[in-house]
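Chemist: pasting the structure only:
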Ligand code: SF4
């Protein structure tokens, strides 16, 4: 996981509750909020990696590839568009070195990697030679042969048949195409580097290579999105018939080009659809996908065949797996401690050149905070099992979360049926807003990132 921008929970709540889209993060990716992770927490991280692993805790690997052809106007990730081949090669060597340093630590134990995720940025920005060298280096240190999933994010315009073949050959099982929209004007005005003809070509090559799973990403409510265009996006998606579809609702965090332009023009409202419209668009897309046999697997994802298609990275992360995160600004979680790497390129690479792990802040959540984290992340699936939390945390979540559950029930979004806590579709489509109800009071008005 990569760098999030700064916002307050109140701003995020207000922006999604109200009609307009204003500045701030909406998406909740972790808990406690990143702003409570501190430099002192880095020592706790040192202690966590020196302990043997907890029994039955899977181990995953995340690698942040922070390079892109262009910076999208809505992007808030740590990315670079100006690094030459030498700088990129240096970065990849640093990441390989980072894994070597971790390999010597007791927390790995005798675990094999269960899942691997190449995120960004744009992992497919790497050349075939860079990709091959990088993955050879990583596999030499920690083999992948037992991993159940290797996920890889791509920008369609960076893909050639030769590169896609290399991506398939390194063992990628889940190819994720960042399509976002099927209209050239909308792609252009939002600063995307790719165009529609590249989408069709990339998808076709990927299908020919028989990747086990192809996911496509869309964003509902990009700048200048219209009702008609969104309908065409849904139709095009159905024509491609990918294994899974992930749809995000457009948010406008602080460090985006869109917000910079809003600030310069003295505007408080972002030039994108309001939250109700974005939710309706996702609802319509989900309904169209369901009509074609897809199943809604989370607040953001539809899968074509749920017996064959899973998303192990997401499911394991939301169930408390260890995530060994490599790369600049990456977020990981090991042995009960959250950590984040140096968030600038040079300090990250320099730490590794000096033989040091590049961790700059961390946090060890309390047992209650771990429970909240896992509970809220699993609610993004739309349902949660009480028994699971009883067995894992020895806690009756119906009692522990009685007040927020009642509140969300009163709003008409939640039911409890037997062992299951369920969100209905309207609740699911605004789950990130609802999750704040479960936060501890001290985390409700702090900066989120
Ligand atoms: S491709 Fe993704 S990571 Fe790169 S600039 Fe665009 S949104 Fe950001």
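Modeler: Received the coordinates, thanks. Just so it is clear, the model here is predicted, and its values are computed rather than measured.
Chemist: so residue 38 bridges to which residues?
Modeler: Beta-bridge pairing of residue 38 under DSSP bridges involves residue 362.
Chemist: could you report the pLDDT at it?
Modeler: We have a pLDDT of 91 for residue 38.
Chemist: ok, now the one 3 residues further on?
Modeler: In this model, residue 41 is scored at 86, pLDDT.
Chemist: can you give me the end-to-end distance of stretch 223-230?
Modeler: In terms of CA to CA, to the nearest Å, the two terminal residues of stretch 223-230 are separated by 12 Å.
Chemist: ok now that stretch, how far from the chain's centre?
Modeler: Distance of stretch 223-230 from the chain centroid (CA atoms, centre = their mean, to the nearest Å) equals 24 Å.
Chemist: which other residues reach that stretch?
Modeler: The contact list for stretch 223-230 (CB atoms under 8 Å, 6 or more residues apart in numbering) reads 73-74, 181, 183, 185-186, 189-190, 220, 250, 258, 271-273, 281, 284-285. Placement of C-beta: from N, CA and C, glycine included.
Chemist: again, only using 6 Å
Modeler: 183, 186, 189, 190, 271, 272, 273, 281 (CB atoms under 6 Å, 6 or more residues apart in numbering).
Chemist: and the buried ones among the residues you listed, selectable in ChimeraX?
Modeler: Entered in ChimeraX, the line below selects the buried ones among those, by 16 or more other CB atoms under 10 Å:
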select :183,186,189,190,272,273,281
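Chemist: need the contacts of stretch 223-230 in JSON lines (columns: pLDDT).
Modeler: Listed next are the contacts of stretch 223-230 as JSON lines, based on pLDDT from 0 to 100:
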{"residue": "183", "pLDDT": "97"}
{"residue": "186", "pLDDT": "97"}
{"residue": "189", "pLDDT": "96"}
{"residue": "190", "pLDDT": "96"}
{"residue": "271", "pLDDT": "90"}
{"residue": "272", "pLDDT": "90"}
{"residue": "273", "pLDDT": "93"}
{"residue": "281", "pLDDT": "97"}
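Chemist: the longest helix in this structure is where?
Modeler: In the chain, taking DSSP state H as the definition, the longest helix is helix 85-103.
Chemist: so what does the following helix or strand past that helix touch, helix or strand wise?
Modeler: Of the helices and strands lying after helix 85-103 in sequence (DSSP states H and E), the nearest is strand 113-120. Strand 113-120 sits against strand 59-65, strand 149-154, helix 312-317, with contacts defined as 3 or more CB pairs under 6 Å, 6 or more residues apart in numbering; DSSP states H and E.
Chemist: can you check which of the ones you listed gets nearest to the ligand?
Modeler: Closest to the ligand of the helices and strands packed on strand 113-120 is strand 149-154 (CB to the nearest ligand atom; 7.9 Å).
Chemist: paired strands for that closest one, with orientation please.
Modeler: When pairs are called by DSSP bridges, strand 149-154 turns out to pair with strand 113-120 (parallel), strand 174-180 (parallel).
Chemist: is residue 23 in a helix, a strand, or coil?
Modeler: Look at residue 23: counting by DSSP: H, G, I helix; E, B strand; the rest coil, its state is strand.
Chemist: which parts of the stretch 1-150 of the chain sit against the ligand?
Modeler: Neighbours of the ligand within the stretch 1-150 of the chain, by CB under 6 Å from any ligand atom: 68, 71, 72, 75, 77, 79, 120, 121, 122.
Chemist: and which of those residues is nearest residue 155?
Modeler: Nearest to residue 155, judged by CB to CB, of these is residue 122 at 4.6 Å.
Chemist: ok so, going back, format the strands paired with strand 149-154 as JSON lines; extra columns: mean neighbour count.
Modeler: Shown next, in JSON lines, are the strands paired with strand 149-154 (neighbours: other CB atoms under 10 Å):
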{"stretch": "strand 113-120", "mean neighbour count": "24"}
{"stretch": "strand 174-180", "mean neighbour count": "25"}
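Chemist: can you pull the contacts of the closest residue to residue 324 other than its chain neighbours?
Modeler: In space, and not counting its chain neighbours, residue 324 is closest to residue 61: 5.2 Å by CB to CB, 6 or more residues apart in numbering. By CB under 6 Å, 6+ apart, the contact set of residue 61 is 113, 116, 324.
Chemist: check contacts around the closest residue to residue 190 other than its chain neighbours.
Modeler: With sequence-adjacent residues excluded and distances taken as CB to CB, 6+ apart, residue 190 is closest to residue 222, at 4.8 Å. Taking CB under 6 Å, 6+ apart as the criterion, residue 222 is in contact with 181, 186, 190, 250.
Chemist: roughly how far apart are the nearest residue to the last one once chain neighbours are set aside and residue 255?
Modeler: Translated: residue 250. Nearest in space to residue 250, with sequence neighbours left out and distances taken as CB to CB, 6+ apart, is residue 221 at 3.8 Å. Computed as CB to CB, to the nearest Å, the residue 221 to residue 255 distance reads 19 Å.
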